[in-house]
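Trainee: give me a model of this one.
(one chain, ligands or ions: 1)
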Amino acid sequence: MLAAYAAEINPDDPLAGLVVGERPAPEPPEGWVLVDVRAAALNHHDVWSLRGVGLGGDKLPMILGCDAAGVDQDGNEVLVHSVISSPGWTGEQTLDPRRSLLSERHQGTLAEQVIVPAGNLVPKPAGLSFEEAACLPTAFLTAYKMLCVNGGPPGSTVLVQGVGGGVATAAIGIAAATGYRVWATSRDEGRRQRALELGADAVFAPGERLPERVDVVLETVGAATWSHSVSSLKPGGTLVIAGATSGDAPSKAELTRIFFHQLRVQGSTMGNREQLVAVTRLLEQTGLRPVIDRVIPLADAASGIAALAAGEVFGKVVLTP
Ligand SMILES: NC(=O)c1ccc[n+]([C@@H]2O[C@H](COP(=O)([O-])OP(=O)(O)OC[C@H]3O[C@@H](n4cnc5c(N)ncnc54)[C@H](OP(=O)(O)O)[C@@H]3O)[C@@H](O)[C@H]2O)c1
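Mentor: I've put the predicted structure just below:
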């Protein structure tokens, strides 16, 4: 089958190790199921994998991709929950120290077929296309957990840093649809305008002083915006961090501000299956839909991953086998 896979790791030139070519069709072991992929969304995770972050050379070749929507062998339209628990784990899925995401230990979704544990399938809402549904398992699930589980209640003022990313566009959409006051930052004026169209109530340049301090900051940019995130919070506010695209070592850790203003710094990673089901319901109930930058054939995966690595994307890139 056709697949986009990491054949080599290259920290400086991630595209150098990417191959789009034939891989053996997967055969599900006991308890796992086969899904015919109809659409697979890209994430920054795919760029990190090609750079060797979270993917060891001993795992190669590894098909990339965390997200898929498709059809199981009984003909059901499904989403794939990407968090794979270790054998025997029964607690909260994202707290399993040996959990992995598809494409870390098990082959990923940028392929014509993927196998997952049977419990990782979630029914696809009928009102969403396969392309839209493929955007939910990583970006929307992560944004939902950051905001609705780890952030604060509706009515809170929330600042979303770096609007162009898949998680950030999802966060703005969910926050606007569910009653938060949404502020957002971007380096680019055009992206700031698009954030307003998505439902942001106000937009700012990175580092710009806000009219007032906020209850919650959603951070996925990392080093470039960390200091602004900390200084933008009200005393007792919550900084939820799920990523560090610009690096994970900010020049100022802002320790004094964090303890003096009694800020809560909350790490957040993906979400569990029930939370993914909740995301599907949220989209059905609100009519919210993912922002899709482009849909391209799986054969053109390299151009999509290159655009993501270059920061040229607004919303999600979706591949169709
Ligand atoms: N923990 C988890 O479960 C989880 C899940 C999903 C993603 N993540 C992580 O979260 C991060 C975001 O991923 P993503 O796929 O949504 O988007 P992304 O492609 O990494 O883009 C994030 C946004 O960050 C901003 N940005 C990037 N570099 C910047 C810089 N130097 N200065 C200021 N802003 C900068 C850009 O916004 P503007 O261009 O608008 O300024 C960009 O659109 C990634 O690092 C990813 O690995 C983690």
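
Trainee: please count neighbours and contacts with C-alpha atoms only from this point.
Mentor: Will do.

Trainee: remind me which helix or strand residue 182 belongs to.
Mentor: strand 181-185 (DSSP states H and E).

Trainee: surely residue 186 and residue 163 touch.
Mentor: Yes. Applying CA atoms under 8 Å as the test, residue 186 and residue 163 come out as touching, 5.5 Å apart.

Trainee: top helix in this protein by residue count?
Mentor: For the chain, the longest helix by residue count, based on DSSP state H, is helix 273-286.

Trainee: and it, what does it pack against?
Mentor: If contacts are counted by 3 or more CA pairs under 8 Å, 6 or more residues apart in numbering; DSSP states H and E, helix 273-286 sits against strand 121-123, helix 141-144.

Trainee: the next helix-or-strand element following the strand holding residue 182 packs against which elements?
Mentor: The helix or strand immediately downstream of strand 181-185 is helix 189-198, counting by DSSP H and E. Contacts of helix 189-198 with other secondary structure elements, assessed using 3+ CA pairs under 8 Å, 6+ apart, are made with helix 166-177, strand 181-185, strand 202-204.

Trainee: ok so, going back, list residues touching both of residue 186 and residue 163?
Mentor: Residues touching both residue 186 and residue 163 (CA atoms under 8 Å, 6 or more residues apart in numbering) are residue 192.

Trainee: retrieve the pLDDT associated with residue 73.
Mentor: As predicted, residue 73 sits at a pLDDT of 97.

Trainee: quick one: it and residue 28 touch, right?
Mentor: No. Assessed by CA under 8 Å, residue 73 is found out of contact with residue 28, at 11.2 Å.

Trainee: compare those two (neighbour count), which wins?
Mentor: Set side by side, residue 73 and residue 28 give different neighbour counts by other CA atoms under 10 Å, the larger being at residue 28 (15 against 10).

Trainee: show me what counts as buried in stretch 86-106.
Mentor: Within stretch 86-106, the residues that count as buried by 16 or more other CA atoms under 10 Å are 93-94, 99-106.

Trainee: so of these, which ones are in strands?
Mentor: For those, membership in strands holds for 100-101, with DSSP state E as the criterion.
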